[in-house]
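Peer 1: model the structure of this input:
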Amino acid sequence: MTLGKGRLLAIASGKGGVGKTWVSISLAQALAERGRRVLLVDGDFGLANIDVQLRLDPGRDLGDALAGGALPAPHPAGFAVLVGRSGSGALAGLEAAPVLALLQRLGQAYDDVLLDLPAGVAPGVRRLAARADLLLVVATGEPTSLTDAYAVLKLHRQDAPSGAARVVVNQASGRLAGEATWRTLDTACRRFLGAGVPLAGVIRRDALVPAAIRAQVPLLTRSPGAAAAADVRALTAGLGAPTPALLGA
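Peer 2: Got it, this is the predicted structure:
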C-alpha cells in the first residue's frame, strides 16, 4: 500500500495474550528513536487498548478521524498515536476500505505507519493485513499461539501471495528458545506452504515489561536498559528503511 515515501507495517497475532499491542507500542518508540516519523494506529476497533497502555484520554479517536474530525496526537515517546474506541459496536463492525483510505491519507506525513490489528483472522483483519507492506506476526512458544500464527501466515499467503511477512517471537525464555519457536513455524510453512517465513526478531521474557504495562509507561521510556528493550531495538534495526520490495501498489 503506497504511503508516500513510507510504509505500512501491520502487527498481527492468531490469538490474544501474546503481547501484540505491547510489541506495537515498543516498535513505534524504537523506530522513532532512529529518527523515523511514526504513526501508531489502534486497529482493534471494538476492543482497543493502546490508550490504556499509554495512559491516554481517548477523547477523539479513530471514529472521529474517519469522520474527518480528528488528527493523530503526539506522544512524549516521540511518535504519533491514533487510538481506537473500546466497546464501540459501531467501530467493531467497521469495514477495511475506509480505514485503508484514512491510512493512505494520513500516511503521507509519516515514514512508518504501524497498524495494531485485532487478534484473529476475521475478513476485515485479513484485508487490512493484505495491504500492508510488511506483516509482523507475533507468536509465543505456546502450542496454541504457534497453531494460530501459522493460520495467519497461511491465510496471508492466500490473500497477498507476494506480500512480505516475518515472525516476531515474544516472551521467549532466551534467544535460542525463541529461535526454536520460529523454526517450528518456519518448518511448517516450508512443508505445507512451499516457502519459509523469515524471523524478524526474538524478544525475551522480562519482568520489567509487565511492570511498565501496569505503570502505563512505554518500556523504552521506563526501563530503557531492559533486556526486552534491547531486543526491540535490535528487531527495529533489522527492519531497516523502506525498500521497493516492501512497498505495495
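Peer 1: how close does Val152 sit to Ala12?
Peer 2: Separation of Val152 from Ala12 (CB to CB, to the nearest Å): 6 Å. Every residue, glycine included, has its C-beta placed from N, CA and C.
Peer 1: overlap of the contact sets of those two?
Peer 2: Ala129, Val137 (CB atoms under 8 Å, 6 or more residues apart in numbering).
Peer 1: more neighbours: these two, which one.
Peer 2: It is Ala12, of Val152 and Ala12, that has more neighbours when counted by other CB atoms under 10 Å, with 30 against 26.
Peer 1: what segments of the chain are helices?
Peer 2: 20-33, 50-53, 62-66, 89-92, 96-106, 123-130, 143-159, 175-193, 208-215, 219-222, 227-239 (DSSP state H).
Peer 1: a markdown table for those, including mean pLDDT and distance to Pro74?
Peer 2: Output for the helices of the chain, formatted as a markdown table (pLDDT from 0 to 100; distance: least, CB to CB, whole Å):
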| stretch | mean pLDDT | distance to Pro74 |
| --- | --- | --- |
| helix 20-33 | 97 | 10 |
| helix 50-53 | 90 | 14 |
| helix 62-66 | 78 | 15 |
| helix 89-92 | 47 | 23 |
| helix 96-106 | 86 | 13 |
| helix 123-130 | 91 | 24 |
| helix 143-159 | 96 | 31 |
| helix 175-193 | 97 | 33 |
| helix 208-215 | 97 | 20 |
| helix 219-222 | 98 | 14 |
| helix 227-239 | 96 | 20 |
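Peer 1: most packed of the ones you listed?
Peer 2: Among the helices of the chain, ranked by average contacts under mean count of other CB atoms under 10 Å, first place goes to helix 20-33 (a mean of 25).
Peer 1: longest strand in this protein, please.
Peer 2: strand 165-172 (DSSP state E).
Peer 1: any buried residues in that one, and which?
Peer 2: For strand 165-172, a neighbour-count test (16 or more other CB atoms under 10 Å) marks Ala165, Arg166, Val167, Val168, Val169, Asn170, Gln171, Ala172 as buried.
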